[in-house]
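In: Make a model of this:
(8 chains)
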There are 8 protein chains.
Amino acid sequence: MATLPFENLGVACLDHHRELRQGTPETILGASKTVAQLLAIVRAMERQTSNVLITRLDQDKAEALLANFPHACYDEQARTLTLLHSPVEMVGRGTILVVCAGTSDLPVAREATVTARMLGHQVEELVDVGVAGIHRLFDRLDLLRRAAVLIVVAGMEGALPSVIGGLVAAPVIAVPTSIGYGASFGGIAALLGMLNSCASGVTVVNIDNGFGAACAAARINRRNPQ
Amino acid sequence: MATLPFENLGVACLDHHRELRQGTPETILGASKTVAQLLAIVRAMERQTSNVLITRLDQDKAEALLANFPHACYDEQARTLTLLHSPVEMVGRGTILVVCAGTSDLPVAREATVTARMLGHQVEELVDVGVAGIHRLFDRLDLLRRAAVLIVVAGMEGALPSVIGGLVAAPVIAVPTSIGYGASFGGIAALLGMLNSCASGVTVVNIDNGFGAACAAARINRRNPQ
Amino acid sequence: MATLPFENLGVACLDHHRELRQGTPETILGASKTVAQLLAIVRAMERQTSNVLITRLDQDKAEALLANFPHACYDEQARTLTLLHSPVEMVGRGTILVVCAGTSDLPVAREATVTARMLGHQVEELVDVGVAGIHRLFDRLDLLRRAAVLIVVAGMEGALPSVIGGLVAAPVIAVPTSIGYGASFGGIAALLGMLNSCASGVTVVNIDNGFGAACAAARINRRNPQ
Amino acid sequence: MATLPFENLGVACLDHHRELRQGTPETILGASKTVAQLLAIVRAMERQTSNVLITRLDQDKAEALLANFPHACYDEQARTLTLLHSPVEMVGRGTILVVCAGTSDLPVAREATVTARMLGHQVEELVDVGVAGIHRLFDRLDLLRRAAVLIVVAGMEGALPSVIGGLVAAPVIAVPTSIGYGASFGGIAALLGMLNSCASGVTVVNIDNGFGAACAAARINRRNPQ
Amino acid sequence: MATLPFENLGVACLDHHRELRQGTPETILGASKTVAQLLAIVRAMERQTSNVLITRLDQDKAEALLANFPHACYDEQARTLTLLHSPVEMVGRGTILVVCAGTSDLPVAREATVTARMLGHQVEELVDVGVAGIHRLFDRLDLLRRAAVLIVVAGMEGALPSVIGGLVAAPVIAVPTSIGYGASFGGIAALLGMLNSCASGVTVVNIDNGFGAACAAARINRRNPQ
Amino acid sequence: MATLPFENLGVACLDHHRELRQGTPETILGASKTVAQLLAIVRAMERQTSNVLITRLDQDKAEALLANFPHACYDEQARTLTLLHSPVEMVGRGTILVVCAGTSDLPVAREATVTARMLGHQVEELVDVGVAGIHRLFDRLDLLRRAAVLIVVAGMEGALPSVIGGLVAAPVIAVPTSIGYGASFGGIAALLGMLNSCASGVTVVNIDNGFGAACAAARINRRNPQ
Amino acid sequence: MATLPFENLGVACLDHHRELRQGTPETILGASKTVAQLLAIVRAMERQTSNVLITRLDQDKAEALLANFPHACYDEQARTLTLLHSPVEMVGRGTILVVCAGTSDLPVAREATVTARMLGHQVEELVDVGVAGIHRLFDRLDLLRRAAVLIVVAGMEGALPSVIGGLVAAPVIAVPTSIGYGASFGGIAALLGMLNSCASGVTVVNIDNGFGAACAAARINRRNPQ
Amino acid sequence: MATLPFENLGVACLDHHRELRQGTPETILGASKTVAQLLAIVRAMERQTSNVLITRLDQDKAEALLANFPHACYDEQARTLTLLHSPVEMVGRGTILVVCAGTSDLPVAREATVTARMLGHQVEELVDVGVAGIHRLFDRLDLLRRAAVLIVVAGMEGALPSVIGGLVAAPVIAVPTSIGYGASFGGIAALLGMLNSCASGVTVVNIDNGFGAACAAARINRRNPQ
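Out: Numbering: from 1, shown residues only, chains lettered A, B, ... in the order given. The predicted structure follows:
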């Protein structure tokens, strides 16, 4: 039984991401890969002097990678590892604002922040502004209205994007999180809430998908789209 | 095969509702009953000089009943028929406020209003104050804070009870409605949103259950509970 | 029992939509409203010389409205009624491309087209390019890559946004449709497919929500966002 | 990449809870917070001499907190940690009765008890009175009918609130628990049972949400609601 | 394209039911068959002088059959048509008691009654004894405890079999009905409630399956099982 | 905060089970109880010289109990612990046959066997007779047809009860198991298959509920039912 | 607003199907198309002298088409319309056997039969051989074992493909149908049963997808696959 | 309580698989079996000089088996253990191609590969050709079109089989994987996508069921089917 040419596989994988996002980092989903696989991939990238972003990376795997790439930077909250070979080129038109309903949603929000910065965008964060204490949101209306794109992260009932979508005219990307228990069903309640938002023009990504929200925001906010 | 003694059945049914709510109207779920059954039940109630409330009653059935009970009153929006033999005795401590997110939610809100009034409570209504235009809600803060109990009716993402639950200290009963399409799944999105409300102490009833919300509000607002 | 001030209600509803979209049409969800309600709302709008867009409007209701507003225009496929008091002001940066997997998805695609045009954007359409005959999609790569924003409408397995998301760098808004049978579950299969797209940065709206996709595209494509 | 000002975040969080519940404890959901975060939050609260209630706190985290706050009190069953700086002010009109179907539901019932007491209410408990041995429930009818508000906790088929709702006229708050296996689906069976209760006026909170039920009961039972 | 030999098909179908239930009626599910198909089947049965039971038969189809078989008997509530060629042979050990929570559940209960009688069993009925008015159930304890087998029919939360299962030692077959709305999900709530019954030894059949419950009761109650 | 009188609680629990099943063992669900709780309960039972059956008991807890009650007997496969103070009185009319589709379903089948024996019934077992190798089932037709009651345990698609229900006239109790992966959804596939059995008169219990199936079989098979 | 070039659309649609199935009929899903659209498409096909197969075509639409194409043939049971311009070329290696559990499943089975014949394959049918009367299946073992490919159609619990998959070595394609009620959930029960078949190597298509099953069988049974 | 004759059970189990697949390996699902059970089964097989394939075998159990059967071969990726007593007889007509969307889907793809080879078929693999980088798929069109049967493995949105089904005329077996997070729901999104494939004639197996896909491919690809 012939073995699969792993090196080959990895290169294909890398190549696949490059084509569309020239100048942007190689991104790797760390969750389903072994340390050995990750080391092989990062080494291949290093030879090509790409910037690297690994998402959904456990602390354990991160430490193994940091031992080999001491210049890499691991963000515990975002669970991302970043490795820069050249400064990130800024390509955005305006600021991407990442808004976060509760402190428990921070890991997803932070994944969005790290990703958007690695993709060359200016990011600001606004945290702990859930709809049950809505006055705090209104205190920051100026910040909300200044943003070019908003990523709104919320678990439980996921109502925040509806409220914000009614307050701003800029694009709003809603990210449901799996925060909650019981009838939150691992983020389904928030996901359905966001899909049914009464604020027209709110779009949604997968549960806990801070990375995807940042990619979508980057598509919107690029100075020269193609 | 012996027939079921219908008269008997109806009386049993009536009897069942009386015991706990002395002085309150007999209530009948109209949806699954024929005109013949409804006529028999209302006639039996009339002999006992009870006030009568029929919910979920179609226009067609209502007209057949109105032809027999010309003093009855049919509310097209609420789909309720009421028949008074004596004035409703007022038993409430404060005002029950029925809040309604969108105009499409009005039938459910109105069912709650009619029911609560038949149960002897003062009711006010506040309509079309969805979270996507939240300033209109803030214009009515005094009204919200004056209520003894709030029934908050919303479809789609069902976010309104969370916002209101964060603005008032009184009991908030959330009623999800089946208004919406696609991933609203006939009210599941709103139901889940309300069950996962980040405003603590919000309770929920079944989808479209304006009647049940009013019963719950009446339990809370009675001057002499037992 | 006091009646609800309907006139008041309608105005509140209108007012709510204006604030954020100055110069844009008033939009009304026709599905859950009676002809009488729609006539009242459109008349109120007429006094304010707004442009009007009614979505999800049945043929029957449309005919009743056309009898009263002979200058209105009803699109049978999109099930939209539009009424212009002044020419639509063009506010977009580029072209919005509405792509449609199958002919059965056309009503949703067309709702997106009509909405985006009413919101002041240039729209092109590309239809019947499902993934099972993918060569036809490749024949139109130039069209896909020229668009500023893409709205991709698909039912059944909803795979088209993934393929297109991998071919273009512009924002892609995926719209699942309820087209299908059996395990399509009224659009759930397509919705889940789009939420799990392997093309990063694809965002999703509710099932059959062509209107919402157009609003999202309009948020992205506005020359002066706020 | 700037770090988030945690201290700031915590204060915002604390502030958010105060406004509506003057004189009531600060409450913290322990489940998704690290020991370090919890220590920081409790210390900030201590400076403000607030009473503190932490819910869903694992034994491990509890021990770390107890080492720092030896006067705190951890309830293993309820998984709550309480820390009193001043005696709890009693603010209730009557007694809140927490009823519990089975011994496995005790943790949720006890969370309700601890919370309601911290919110200033008199609480009694009635345990192990499931509907399959219904005579035991009838032996305690006096206790049931004396309560001002009832919190009824049940897993499996969740039938207890229906039975009790038919026996008392006071408000009944139903709490489904995740106790069960197979087709209990982590509490969905009980949740649906309670939402469909044939006893009118029963309201429901999220699965295992003893805390929320107590907050709702406290809203109902406050002497001076606002 | 050859046509399918329908006569053949029907005979096969009839044959299939005979083998195990010698002396019992031929039973036909009327729901998915045309009047022409039903006529052909009943005529074939008539030649074999079998007793016939058709379930789930609409009024319209029933009238067409009655025109051809004037001795047949249609039960509007049960939606069954029965046609006797010889008296039903009584084969049971004791009485089967059909208990019914609400009047809306009567059609399902009655289908069980008609079926069990056609299978040769003594049946009694007890109706409108839902758990919200539980005293009426206790008034009939003697009746409950006298039954050899109990079929308990309930919609909404489906709690009745749990209560009855705790009161009697005889076999209890629970039948969930699709009565309810919103989160009853067409009988899922009742089905799950019954599957999770805390009264051990309660078994369950499909939603609205009065026929199946009667077949199960007949299996249990036969004097000479094989 | 007063502690709950555990002893009291336990006694109530024990008492509850006795009433209906005089002479039968006390049964305890081991899953959600601590070793300390189990020891207390078993000791209380011992004072009353009851036979004891504990189900869903992990190996770890079992060992702790065996250390205290060396005469107890733990069945690793069934995960049951039994403790006899007097011989089990045989109360059945015929033999209960436990049929098992695959070897992976054996723990559930064995739980049924142990329970039925403790309840005083003769039990036989027939294992590994899944529908994909149906000839082995036919080899044992005599065994199947001799049984007074059949408990049929199957995971995956759960088809076995349909086949057996068509082969025998005795009562068939179907037990879905959680064996399977992917779209078996923890036993939902088997559960739905059994509820929709085309063999009329098959009844169903909860997923993995061997205990409940045995209780149901015991209700059916008792010589003197009440 | 420019109209969509329908003629163009139709041609694209036709073209799309040709490429892979040279010599095979054009197939059209009739369900979501108007009579006008269908007429236009069939006329376009006629100019190309293709054979035509329309599936899921209502009686009403069929009659309108038959009025225009009197040589077409409508199968009421299969709800297919076929129009031959040249005899179907036979391309199969062996016989495709369509097996059908119940008479209610016949429309789906027949759609498979018609489709497979239009695709150039020999088809036999075996009907009414459900697993509850399994002896009838065994009477036809020779027929089952002679088939090159088997399409097995079943609703309710969908057990038939498992039994047949264990009896033959040829490819088995399982088609769940929406026949059933209650917990059959429109075919989900049968679908899950088939996906979890204990007979290895059974594959599954969408609910009620007789057309798809025939296409799959045709892919397998072609003499010269490419 | 008599013990079950395990040896007997094992033999029955082995025997069951043989009958239909003379000359093929014995296959064992390793997941739910203990090392002791597996050792007993493999030893029994050894005495019959069968080839052996164990699937879903954890590393731990594999090591225990390898210690006893040093000639066995464990594939870590596929999680299969194979033990050859005689060379595998090649029985296929053409090549089975296993296509894999992402590197995370490799374990399932590899299980299919190992199984198909053990069943006597030639297998090729094509990996990492997801639809988001579709050009790589087109580079390998010749490979795709040369295959006699294709097994297409994909997680997330599961779109790959639709694209491939439109490119080839050979049979396509789609295997959804549980790869993904959030709204992938453990493979449901991919499963639904594949069931709703717009490429006609694609069939589907259970989530992660590489083994079953290979069995289905083997049924199709056998030179002498019976």
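
In: When you work out contacts or count neighbours from here on, use the C-alpha atoms and nothing else.
Out: Will do.

In: Tell me, how many residues neighbour whichever residue of chain A sits closest to chain D?
Out: Per CA to the nearest CA, residue A:182 is where chain A lies closest to chain D, at 4.7 Å. The burial count assigned to residue A:182 is 22, neighbours taken as other CA atoms under 10 Å in any protein chain shown.

In: So for it, what's the pLDDT?
Out: Model confidence at residue A:182, given as pLDDT, is 93.

In: State the phi and psi torsions of it.
Out: Comment: the main-chain dihedrals of residue A:182 come out as phi 60, psi -120, following degrees, to the nearest 10.

In: Run through the residues that contact it.
Out: D:178, D:186, D:187, D:206, D:207, D:208 (CA atoms under 8 Å, 6 or more residues apart in numbering or on different chains).

In: May I have the secondary structure class of whichever residue of chain A sits closest to chain E?
Out: Scanning chain A for proximity to chain E using CA to the nearest CA identifies residue A:183 as nearest, at 12.9 Å. Using DSSP: H, G, I helix; E, B strand; the rest coil, the three-state assignment for residue A:183 comes out as helix.

In: And the helices in chain A, which stretches?
Out: With DSSP state H, the ranges of helices along chain A come out as A:6-18, A:35-47, A:59-68, A:106-118, A:135-138, A:141-146, A:160-165, A:188-195, A:210-221.

In: so how far is the second one off the chain centroid?
Out: Read it as helix A:35-47. On the basis of CA atoms, centre = their mean, to the nearest Å, the separation between the geometric centre of helix A:35-47 and that of its chain is 22 Å.

In: Ok, the third one next?
Out: Computed by CA atoms, centre = their mean, the chain-centroid distance of helix A:59-68 equals 21 Å.

In: ditto for the fourth one
Out: The gap between the average C-alpha position of helix A:106-118 and the chain average comes to 4 Å, counting by CA atoms, centre = their mean.

In: what's the answer for stretch A:147-158, then?
Out: Averaging C-alpha coordinates over stretch A:147-158 and over its chain gives two centres that are 12 Å apart (CA atoms, centre = their mean).

In: Check stretch A:61-71 too.
Out: Taking CA atoms, centre = their mean, one finds the center of stretch A:61-71 at 21 Å from the center of the full chain.

In: mind listing what's buried in it?
Out: Counting neighbours by 16 or more other CA atoms under 10 Å in any protein chain shown, one finds that the buried residues in stretch A:61-71 are A:61, A:62, A:65.

In: pLDDT and distance to chain F for those residues - can I get that in a markdown table?
Out: Supplementary listing: the buried residues of stretch A:61-71 in a markdown table, determined by pLDDT from 0 to 100; distance: CA to the nearest CA, whole Å:
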| residue | pLDDT | distance to chain F |
| --- | --- | --- |
| A:61 | 95 | 28 |
| A:62 | 96 | 30 |
| A:65 | 95 | 33 |
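
In: Closest one of the residues you listed to residue F:157?
Out: Each of the buried residues of stretch A:61-71 was scored against residue F:157 by CA to CA, and residue A:61 proved nearest at 39.2 Å.

In: Find the nearest non-adjacent residue to the closest one, please.
Out: Taking CA to CA, 6 or more residues apart in numbering or on different chains as the measure, residue A:61 lies nearest to residue A:35, with 5.9 Å between them; neighbours along the chain are not counted.

In: So that neighbour sits against residue A:64, correct?
Out: Yes. Counting by CA atoms under 8 Å, a contact exists between residue A:35 and residue A:64, whose distance comes to 7.0 Å.

In: pLDDT weak spots in chain A?
Out: Along chain A, the model assigns pLDDT under 70 to residues A:1-23, A:225-226.

In: and it, which of its residues are near chain D?
Out: A:103, A:104, A:127, A:128, A:133, A:181, A:182, A:183 (CA under 8 Å from any CA of the partner chain).

In: Within its local environment, how many residues does the nearest residue to the second one once chain neighbours are set aside see?
Out: When you say that, I think you mean residue A:104. Counting by CA to CA, 6+ apart, residue D:32 is the residue found nearest to residue A:104 once chain neighbours are left out, at 6.1 Å. The criterion is other CA under 10 Å. On that basis, residue D:32 has 15 neighbouring residues.
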